[in-house]
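K.L.:
turn this into a structure:
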Amino acid sequence: MKIQFRLLGLNLNSSLRHWLKQPLERLQSLISVAGAAVVLEQRRDDAPAFRAFVSLAVPGPDIHAEARDHTLE
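P.N.:
Here you go, the predicted model:
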């Protein structure tokens, strides 16, 4: 699976990359994922400040999900 990260307002370090990759890699046991595009955004002036968007390339229609919250977790 090819994973592409796009981070806005955040620094991508190795621990954050590992934390983000774990749930995506677990999906491989449920469905064949060819690729994943992950967008994480922190806007300090907005509430909630964090936004996550994920697009998964899978057989059939692609899967998209978006969430907003006050913490990254």
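K.L.:
where does pLDDT dip in the chain?
P.N.:
Scanning the chain for pLDDT under 70 picks out no residues.
K.L.:
tell me the centre residue of it?
P.N.:
For the chain, the residue nearest the mean C-alpha position is residue 38 (3.5 Å; Cα atoms, centre = their mean).
K.L.:
list the contacts of that one.
P.N.:
When contacts are counted by Cβ atoms under 8 Å, 6 or more residues apart in numbering, residue 38 touches 3, 4, 5, 6, 20, 24, 52, 53, 54. (Each C-beta comes from the backbone N, C-alpha and C, glycine too.)
K.L.:
just the buried ones out of the residues you listed, please.
P.N.:
The neighbour-count test (16 or more other Cβ atoms under 10 Å) marks 3, 20, 54 as buried among those.
K.L.:
sitting in strands, which of the residues you listed do you find?
P.N.:
3, 54 (DSSP state E).
K.L.:
dump the buried ones among the contacts of residue 38 into JSON lines; add distance to residue 10 as well.
P.N.:
Below are those laid out as JSON lines (distance: Cβ to Cβ, whole Å):
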{"residue": "3", "distance to residue 10": "16"}
{"residue": "20", "distance to residue 10": "11"}
{"residue": "54", "distance to residue 10": "15"}
